[in-house]
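Student: Next come a sequence and a model predicted from it.
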Amino acid sequence: MNRETFRVSSPQNVITADVLVLGGGPAGTWAALSATRQGARVVLADKGYCGTSGATAPSNTGAWYLPKGPQRDAEIERRLSRSTGLADRRWLQRVVEQAQIGLDDLGNGGYPFPVDDEGKPYRANLRGPDYMRFMRQRAIAAGVRILDHHPALELLSADGAIAGAAGIDPRSGNRWEVRAGAVVLATGGCAFLSHALGCDGNTGDGYLMGAEAGVRLSGMEFSSQYGLAPAHTSVTKGLTFSFASFYLEDGSPLPENGEDRAIRIARQLIAGEKVYALMNRGNPIEHDWLRQGQPNCFLPFERIGLDPFKQRFPVTLRSEGTVRGVGGLEIINDDCATTVPGLYVAGDTASRENITGAVSGGGSPNASWAIASGTWSGRAAAIFAASLGDKAHTRLVHGLGKAGLRPRKHQIEDIPISEVITAIQAETLPLDINFFRSGARIELSQERLDAIWQDVRDYLVGEGRNAVRAREAAAMTATARWIWASAAARQESRGMHRRTDFTTIDIQQTRRILTSGIDDVVVIAQENQLKEVA
Amino acid sequence: MIELVNSDRCIGCDICVKVCPRDVFDSGDDGLAVIARKSDCQTCFLCELYCPVDALYVSPHAEQDDEVDSEQLIAQNLLGSYTRNMGWSRGKMGGTDKDPTRQLRILNRVGREEQPTPQRQLL
């Protein structure tokens, strides 16, 4: 495809809606459902299939189900203290509250929650495949039009407001376009195709689309979360290891030095040592709970032919990037609006600093955030769309997509997309570059990614499925550049941001770091927010 | 990665073509599903869950090819094992209300996956 061919299509290819949701994971489906409850006509476009796409679908996740009272208050205070001063009590309160409302709504809508010993439904846990299948069915029942296998490639703008999106059907190669009064970005985070469970569709597409519209990113330095998995497998589920002890090659226990387990494992792996796990804790009843509840924890062992209770197995750490990291697009108010009219963000596409600060929100915080931010953004998008009245669909629109879609120069020769992706991964996945960070190595990554960006911006483009891959490569390059720009600016160690050249927390840096711009990345450090939370 | 579409079992319903989040399958000339873009597979196992006839096998190896033998997998009861263990059946959701994960969360407070697993010995 060249720049001329990705143009405004004929009117019959255009779908109109009040609200367009991009992404069909938990945040996207909650957003779509919430928008329909305001009477909006809603289209949801998913890169894959709404029901299996995203990090939640193959997983099993906790969620905050904390009725008002001392338990809720204690959890909020615990989260605040763990956030190192970067979270916000009011946001935590409203997310916990909205998550409970959402989980009750899910139960009242017929989701078959398990029943506890007192005969009450237990709503603090969701089985991913079931939850996402159920959310799809709910969305369809509410009248949402779902477009599966419809990757969005760019947002459409009308006089500075977001007025829809355009993309491609990779199977036919046909361009699609949805004109809408408002758009919710719920495309997930970015894990750089690390093969962490369910994360390969999460390539930062929404970050790039949002940034092209002028939205800033926040907290991108908190992007170095790694998930533990049996070596060579994708199963990055923490619960797999709830009964495990860890050993080195020679059979000695993984050295204990007071550091977190992941840090100790990372040190060994970087040193070239193998780390092994053996499930030698717990009792058979407890093991059965894990086996029954989450069969994919045991699936790798059954299929490799290994008894994890008797035989040790090697483990690896896979990058979960910003999926279980923190950073994302900046939201400016309680509606999860952005600085751009008509554009809202939900789930991992948004920064989660308000609820997790510098530490991972993997598990309950992110699951709860998806419910809450989806609900708020969908409602606000519907109200915004309604305020436009009849003029919403008669606006003149233009596409905002640039890198990977509309190259600056005419193509001389193909740049192999796979080589671009390998080069990006080399600056984002390795433990010795990203799990532990240093100023000098960050600078080297920045130089290399700037060079990659030049090529991507000048030449990269593709047709059919490669149109999607080219755009994903552009999004990952842009995401990596925001990550390293903010990581360079945070000259301390805080939460998951571990600097070997600044090994301690510096309370003077209790402030958020924002990045903006695409060709030229700009870093803005906010005022110290220590006083606000003290 | 996805390694097998068992052609004896596959009924050509195209559900895997539809539900794969990574668009790995195509509908083949004979109407049966074919693995068209294996390297895009994210090893999420969800195609197995949705397959109504247990015709698919995903190897746990996320990056390397894994040679599999269909008859052997059937003999080992591995075709459809994920689906059976979940309690799904014929591509339909099931077993949701029997998930005992809450017991683990209550026991271990492992809902906080981002924290190191508590070091105390469990029972």
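Tutor: That came in fine, so what should we check first?

Student: Tell me where chain B has helices.
Tutor: Assigned by DSSP state H, chain B shows helices spanning B:15-19, B:46-50, B:70-75, B:81-86, B:101-108.

Student: and those, which one is worst for confidence?
Tutor: Note on the helices of chain B: helix B:101-108 shows the lowest mean pLDDT, a mean of 81.

Student: Which positions in it come out as buried?
Tutor: Buried residues in helix B:101-108, counted by 16 or more other CB atoms under 10 Å in any protein chain shown: B:101, B:102, B:103, B:104, B:105, B:108. Where C-beta positions appear, they are placed from N, C-alpha and C, glycine not excepted.

Student: and among the helices of chain B, the most buried is which?
Tutor: Compared across these, helix B:46-50 shows the largest average neighbour count, a mean of 26 (mean count of other CB atoms under 10 Å in any protein chain shown).

Student: does that helix come close to chain A?
Tutor: Yes: using CB under 8 Å from any CB of the partner chain, helix B:46-50 reaches chain A at B:46, B:49, B:50.

Student: Check which helices and strands that helix sits against.
Tutor: helix B:15-19, strand B:56-58, helix B:81-86 (3 or more CB pairs under 8 Å, 6 or more residues apart in numbering or on different chains; DSSP states H and E).

Student: Does chain B have contacts with the longest strand along chain A?
Tutor: Using DSSP state E to define each element, chain A has its longest strand at strand A:175-185. No: judged by CB under 8 Å from any CB, strand A:175-185 makes no contact with chain B; its nearest approach is 15.3 Å.

Student: Mind listing the strands that strand pairs with, and their directions?
Tutor: Strand A:175-185 pairs in its sheet with strand A:14-22 (parallel), strand A:161-168 (antiparallel), strand A:343-345 (parallel), by DSSP bridges.

Student: What about the residue in the stretch 301-450 of chain A that chain B sits nearest to, how many residues nearby?
Tutor: Nearest residue of the stretch 301-450 of chain A to chain B: residue A:360, at 3.8 Å (CB to the nearest CB). Neighbour count of residue A:360, defined by other CB atoms under 10 Å in any protein chain shown: 27.

Student: same check, this time on residue B:66
Tutor: Neighbours of residue B:66 (other CB under 10 Å): 15.

Student: show me what contacts it?
Tutor: B:1, B:3, B:59 (CB atoms under 8 Å, 6 or more residues apart in numbering or on different chains).

Student: so which of these also contact chain A?
Tutor: Near chain A, by the rule CB under 8 Å from any CB, you find residue B:59 out of those.

Student: Mind putting the contacts of residue B:66 into CSV with distance to residue B:81?
Tutor: Compiled in CSV, those are given as follows (distance: CB to CB, whole Å):
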residue, distance to residue B:81
B:1, 17
B:3, 14
B:59, 13
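
Student: of all the contacts of residue B:66, which comes closest to residue A:240?
Tutor: Distance to residue A:240, by CB to CB, is smallest for residue B:59 among those, at 17.4 Å.

Student: just checking, the closest one touches residue A:303?
Tutor: Yes: in this structure, residue B:59 is within contact of residue A:303 by CB atoms under 8 Å, at 6.6 Å.

Student: which residue ranges form the strands in the stretch 51-200 of chain A?
Tutor: Applying DSSP state E, counting those that start in this stretch to the stretch 51-200 of chain A gives strands spanning A:60-62, A:125-127, A:145-147, A:152-158, A:161-168, A:175-185.

Student: The residue positioned nearest the centre of chain B: what's it in contact with?
Tutor: Centroid-nearest residue in chain B: residue B:45, 2.6 Å away (criterion: CA atoms, centre = their mean). Contact partners of residue B:45, counting by CB under 8 Å, 6+ apart, are A:58, A:296, A:299, B:58, B:82.

Student: same check, this time on residue A:498
Tutor: A:224, A:263, A:435, A:436, A:437.

Student: How confident was the prediction at the residue nearest to the centre of chain B?
Tutor: 97.

Student: Got phi/psi on it?
Tutor: Here is the backbone geometry of residue B:45 (degrees, to the nearest 10): phi 70, psi 0.

Student: What helix or strand is residue A:443 located in?
Tutor: Per DSSP states H and E: residue A:443 is located in helix A:439-459.

Student: what mean pLDDT does that helix have?
Tutor: 97.

Student: Output the lowest mean pLDDT helix or strand found in chain B.
Tutor: Lowest on mean pLDDT, DSSP states H and E among the helices and strands of chain B sits helix B:101-108, with a mean of 81.

Student: so where is chain B shaky, pLDDT-wise?
Tutor: B:108-123 (pLDDT under 70).

Student: do you know how far residue A:54 is from residue B:36?
Tutor: As defined by CB to CB, to the nearest Å, residue A:54 lies at a distance of 22 Å from residue B:36.

Student: ignore the last one, residue A:257
Tutor: 49 Å.

Student: neighbour count winner among these two?
Tutor: Shown here are residue A:257 and residue B:36; by other CB under 10 Å, residue B:36 has more neighbours (13 against 8).

Student: so who does the closest residue in space to the more buried one that isn't next to it in sequence touch?
Tutor: Leaving aside its sequence neighbours, residue B:36 sits nearest to residue B:26 (CB to CB, 6 or more residues apart in numbering or on different chains; 3.9 Å). With contact taken as CB under 8 Å, 6+ apart, residue B:26 is in contact with B:17, B:33, B:34, B:36.

Student: So which of the residues you listed are in strands?
Tutor: B:33, B:34.

Student: and of the contacts of residue B:26, the nearest to chain A?
Tutor: For the contacts of residue B:26, the nearest to chain A is residue B:17 (9.4 Å; CB to the nearest CB).

Student: Can you spell out which residues form a bridge with the residue nearest to that closest one when sequence neighbours are not counted?
Tutor: Nearest non-adjacent residue to residue B:17, counting by CB to CB, 6+ apart: residue B:25, 4.5 Å away. On the basis of DSSP bridges, residue B:25 is bridged to residue B:35.

Student: A strand includes residue A:33, no?
Tutor: No: assignment of residue A:33 by DSSP: H, G, I helix; E, B strand; the rest coil gives helix, placing it outside any strand.

Student: ok, residue A:206 touching residue A:322?
Tutor: No: assessed by CB under 8 Å, residue A:206 is found out of contact with residue A:322, at 10.6 Å.

Student: How about the residues of the stretch 101-250 of chain A by chain B?
Tutor: A:111-116, A:122, A:124-125, A:127, A:129-130, A:133-134, A:148-149, A:170-171, A:195, A:197-201, A:225, A:230, A:232-235, A:238-239, A:241-244.

Student: just checking, what packs against the least confident helix or strand of chain B?
Tutor: Using 3+ CB pairs under 8 Å, 6+ apart, helix B:101-108 is in contact with strand A:125-127, helix A:284-293.

Student: weakest of the ones you listed in terms of mean pLDDT?
Tutor: Minimum mean pLDDT among the helices and strands packed on helix B:101-108: helix A:284-293, a mean of 88.

Student: which helices and strands sit right next to that one?
Tutor: Counting by 3+ CB pairs under 8 Å, 6+ apart, helix A:284-293 packs on helix A:295-304, helix B:101-108.

Student: Just send the ones you listed back as JSON lines, with distance to residue A:391 too.
Tutor: Formatted as JSON lines, the helices and strands packed on helix A:284-293 follow (distance: least, CB to CB, whole Å):
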{"stretch": "helix A:295-304", "distance to residue A:391": "49"}
{"stretch": "helix B:101-108", "distance to residue A:391": "49"}
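
Student: who wins for proximity to residue A:318 among the ones you listed?
Tutor: Nearest to residue A:318, of these and by CB to CB, is helix A:295-304 at 13.2 Å.

Student: Can I get that closest one in CSV, CA atoms only?
Tutor: Written as CSV, here are the backbone C-alpha positions of helix A:295-304 (Å, rounded to 0.1, in the frame of the first residue of the first chain):
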residue,chain,number,x,y,z
PRO,A,295,-6.1,-26.0,34.3
ASN,A,296,-3.8,-24.0,32.1
CYS,A,297,-1.3,-23.8,35.0
PHE,A,298,-0.9,-27.6,34.7
LEU,A,299,-1.4,-28.0,31.0
PRO,A,300,2.3,-27.4,30.1
PHE,A,301,3.4,-30.1,32.5
GLU,A,302,0.8,-32.6,31.3
ARG,A,303,1.8,-32.0,27.8
ILE,A,304,5.6,-32.0,28.3
